[in-house]
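Participant: Here's my sequence, what's the structure:
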Amino acid sequence: MEKKWYAVMEIYQMPGFNGVPSGVGFISSIGGPLGHIVLGDPVGSESDHPRPLITISDMMFNIPFSEPTCILTAPTTVNLGDWYRSDLEKDQTTEVPFQITGTCTGTIEVSFVAKSSYTNADKNLFTNSITSNSSVTAAGGVGVKISSPAYAQIHADSSPEVIAVGDIIGRPVTSVNANFKAKLVKTGTEAVTPGIFGSSVTFQVTYE
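Facilitator: Reported below is the predicted structural model:
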């Protein structure tokens, strides 16, 4: 009667692993001997039992790698509304909600950093990017405050803010549903002057 032998391999990650190299989609075996099957005493004589040699051929198995990726959407424009100067002076403007949403594959954490060339000195408000000219008057003394459930006020160029993790830390992230609010506010002691306001903020998203 024909006999079959089965071998089990453990594949694990070394502490020095730095991620899957770019362009690598899978790993596979290299042909050659894996070892012997030992029956009985592993250090005893071979005279009373065989020690079959286990060998494998090239490409006997492939282990695919899925590079982490996310497909996210966010509004290109957030309309903060039209306000009277007195509304800003009295902090009576309202928050406007917006979201970053999408799906991910092969990721365990998604985070972002806000980037902008238009901020106040503390980088906690995003200031007017519009410049006054002969046909446009730019609003003065105002900026945008952006907040999230985790942060009452988001700063530009701050440490990354995590917006999605798995149900248990270390497990895959399948979806992103990050909520934010933007509000037009007075920037400080400078008087508010009426005009057109606009700012530019980039949410730089990273995932691993």
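Participant: all strands for this protein, in order.
Facilitator: Per DSSP state E, the chain carries strands over the ranges 26-28, 32-36, 53-56, 62-64, 69-73, 96-107, 109-115, 126-127, 142-147, 161-165, 173-186, 202-207.
Participant: Save those as a markdown table, and put in distance to residue 15, mean neighbour count and mean pLDDT too.
Facilitator: Yep, even glycine has a C-beta here, placed from its N, CA and C like the rest. Converted to a markdown table, the strands of the chain look like this (distance: least, Cβ to Cβ, whole Å; neighbours: other Cβ atoms under 10 Å; pLDDT from 0 to 100):
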| stretch | distance to residue 15 | mean neighbour count | mean pLDDT |
| --- | --- | --- | --- |
| strand 26-28 | 18 | 12 | 77 |
| strand 32-36 | 24 | 11 | 78 |
| strand 53-56 | 26 | 12 | 78 |
| strand 62-64 | 19 | 9 | 76 |
| strand 69-73 | 26 | 14 | 92 |
| strand 96-107 | 21 | 16 | 94 |
| strand 109-115 | 19 | 19 | 96 |
| strand 126-127 | 41 | 20 | 96 |
| strand 142-147 | 39 | 21 | 98 |
| strand 161-165 | 22 | 18 | 94 |
| strand 173-186 | 24 | 18 | 96 |
| strand 202-207 | 22 | 16 | 94 |
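Participant: and residue 79, which of these is closest to it?
Facilitator: strand 96-107 (6.9 Å; Cβ to Cβ).
Participant: Output the contacting helices and strands for that closest one.
Facilitator: Packing partners of strand 96-107 (3 or more Cβ pairs under 8 Å, 6 or more residues apart in numbering; DSSP states H and E): strand 69-73, strand 173-186, strand 202-207.
Participant: what lines up beside that strand in the sheet?
Facilitator: Strand pairing for strand 96-107, determined by DSSP bridges: strand 69-73 (antiparallel), strand 173-186 (antiparallel).
Participant: who wins for proximity to residue 43 among the ones you listed?
Facilitator: strand 173-186 (49.1 Å).
Participant: what angle sits between that closest one and strand 142-147?
Facilitator: For strand 173-186 against strand 142-147, the angle by axes from the mean of the first three to the mean of the last three Cα atoms, to 10 degrees is 150 degrees.
Participant: Surely residue 78 is in contact with residue 96?
Facilitator: Yes - counting by Cβ atoms under 8 Å, residue 96 is a contact partner of residue 78 at 5.7 Å.
Participant: who touches both of the two?
Facilitator: Residues touching both residue 78 and residue 96 (Cβ atoms under 8 Å, 6 or more residues apart in numbering): residue 182.
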